[in-house]
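Colleague: just the structure for this:
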Amino acid sequence: MSNPRHAPVLLDRVVALLAPALDRPDAVLLDCTLGLGGHTEAVLQRCEQARVIGIDRDTAALDLARERLEMFGKRFVGVHAVYDEIADVLADQGLTSVDGVLFDLGVSSMQLDVRERGFAYATDAPLDMRMDGTTGDTAADVLNTYTVSELTRVLRDYGEEKFARKIARAVVSQREDAPFTTSARLVELLYAEIPAPARRTGGHPAKRTFQALRMEVNDELAVLERAIPAAIEAIGVGGRVVVESYHSLEDRLVKRAFTAVSRLDVPEDLPFLPEGSEPLLRLVTRGAEVADEQEIEENPRAASVRLRAIERVRPVLPPVRTRRGATR
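Modeller: Predicted coordinates:
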């Protein structure tokens, strides 16, 4: 566990943001991106009244996390699910709400470290990239079946790759000779298609393409777009949702969702605030928090993190029924 990629990003700050919501008897945290269980372990150690339901779509990660967290007994439950299935997970656990929800988005350290998963570009490996290796198309399927336009969209939108169309055209051309199956051939293509001056800045030239393929294979943005509202709906009064994102599109989605539910929905020039018009939730973080230089030096993954948190301050009131049975 000495590899810096195994260190959860902003661990102390994340636990500090969750702690006020979990400092109550039988408090429950839903860790939507369990991974190797680093955040969950810290919460269980520091929030002694809390228990955690940890979900992950990666069955291998779940097995490792269960082993790591076995010492906490019934205070931890691991569930195989995708994090947009929050309502189903809670129903299966006999819960109607939780006190905290945590998302640490992106690829986990274990997925990067296991060569056969195909997430890393540093070693030659099968082009898989599925977080749940039991279902769905692989990165190779994407490369070998998408049109130039489709590949360009993926690389441009998810990887913010300046040479997206150039790369897409080269992929479609080369796959006519032989399909793409391993990462080394793709990395070789990227070195050939990305001009030398561009390769010298912004990290490894394959970083953006591999990120884009991973996000497409796992439908990450669409899943997140469903998951954030579900998380907000799942927390009770005093409950908090904490999100760590590493991609501008992810952070923009989270910011938009948090802003929508914490904004006052009354005219700005109204001289008073009508009772019941206060927002149901409030922003806990002021904008997006980032890692300091020391953490980035110790854990390079922290360089791109954006941390946001929101808290429910009022319950959702049931609709008022009129005499005729209508609601308002």
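Colleague: for residue 74, give me its contacts.
Modeller: Contacts for residue 74 (C-beta atoms under 8 Å, 6 or more residues apart in numbering) come out as residue 51. The way it works is simple: take the backbone N, C-alpha and C, and place the C-beta from them, glycine included.
Colleague: three-state assignment of it?
Modeller: Counting by DSSP: H, G, I helix; E, B strand; the rest coil, the backbone at residue 74 sits in helix.
Colleague: same thing with the one 10 residues further on?
Modeller: Under three-state DSSP, residue 84 falls in the coil class.
Colleague: surely it meets residue 230?
Modeller: Yes: counting by C-beta atoms under 8 Å, residue 84 does reach residue 230; the two are 6.4 Å apart.
Colleague: ranges for the strands of this protein?
Modeller: 27-31, 50-56, 76-80, 98-104, 235-245, 281-283, 306-312 (DSSP state E).
Colleague: pLDDT on the fourth one, on average?
Modeller: The reference is to strand 98-104. Strand 98-104 shows a mean pLDDT of 97.
Colleague: kindly export stretch 199-210 (C-alpha atoms) in PDB.
Modeller: Provided in PDB are the C-alpha atoms of stretch 199-210 (Å, rounded to 0.1, in the frame of the first residue of the first chain):
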ATOM      1  CA  ARG A 199       3.800  15.800 -26.800                       C
ATOM      2  CA  ARG A 200       6.200  17.800 -24.700                       C
ATOM      3  CA  THR A 201       3.500  19.500 -22.600                       C
ATOM      4  CA  GLY A 202       0.500  18.300 -20.600                       C
ATOM      5  CA  GLY A 203       1.800  14.900 -19.400                       C
ATOM      6  CA  HIS A 204       1.900  11.700 -21.300                       C
ATOM      7  CA  PRO A 205       0.400  12.000 -24.800                       C
ATOM      8  CA  ALA A 206      -1.900   9.000 -24.200                       C
ATOM      9  CA  LYS A 207      -3.400  10.300 -21.000                       C
ATOM     10  CA  ARG A 208      -6.300  12.200 -22.600                       C
ATOM     11  CA  THR A 209      -7.200   9.400 -25.100                       C
ATOM     12  CA  PHE A 210      -7.200   6.800 -22.400                       C
END
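Colleague: any idea of the mean pLDDT in that stretch?
Modeller: 82.
Colleague: also stretch 218-238?
Modeller: Taken as a whole, stretch 218-238 carries a mean pLDDT of 95.
Colleague: so what's the gap between that stretch and the chain middle?
Modeller: In terms of C-alpha atoms, centre = their mean, to the nearest Å, the centre of stretch 218-238 is set 10 Å apart from its chain centre.
Colleague: ok, stretch 133-141 next?
Modeller: On C-alpha atoms, centre = their mean, the centre of stretch 133-141 falls 19 Å from the chain's centre.
Colleague: please apply the same query to stretch 87-104.
Modeller: Centroid separation for stretch 87-104 versus its chain: 16 Å, with C-alpha atoms, centre = their mean.
Colleague: neighbours of residue 89, just the number please.
Modeller: Residues near residue 89, counting by other C-beta atoms under 10 Å, number 22.
Colleague: let me see the contact set for it.
Modeller: Counting by C-beta under 8 Å, 6+ apart, residue 89 touches 30, 53, 55, 79, 81.
Colleague: and stretch 147-157, what's buried?
Modeller: By neighbour count, and taking 16 or more other C-beta atoms under 10 Å as the criterion, the buried residues in stretch 147-157 are 148, 151, 152, 153, 154, 155, 156.
Colleague: again, but for stretch 215-225
Modeller: Neighbour-count burial for stretch 215-225 flags 215, 216, 217, 218, 219, 220, 221, 223, 224, 225 (criterion: 16+ other C-beta under 10 Å).
Colleague: end to end, how far does it reach?
Modeller: Length of stretch 215-225, first residue to last, C-alpha to C-alpha, to the nearest Å: 13 Å.
Colleague: pull the residues that contact that stretch.
Modeller: For stretch 215-225, the surrounding residues in contact (C-beta under 8 Å, 6+ apart) are 57, 82-84, 103, 105, 129-132, 136-139, 142, 154, 158-159, 214, 247, 249-250, 253-254.
Colleague: same question, stretch 180-187
Modeller: Contact with stretch 180-187 is made by 118, 120-121, 123-127, 140, 143-144, 171, 174, 206, 209-210, as judged by C-beta under 8 Å, 6+ apart.
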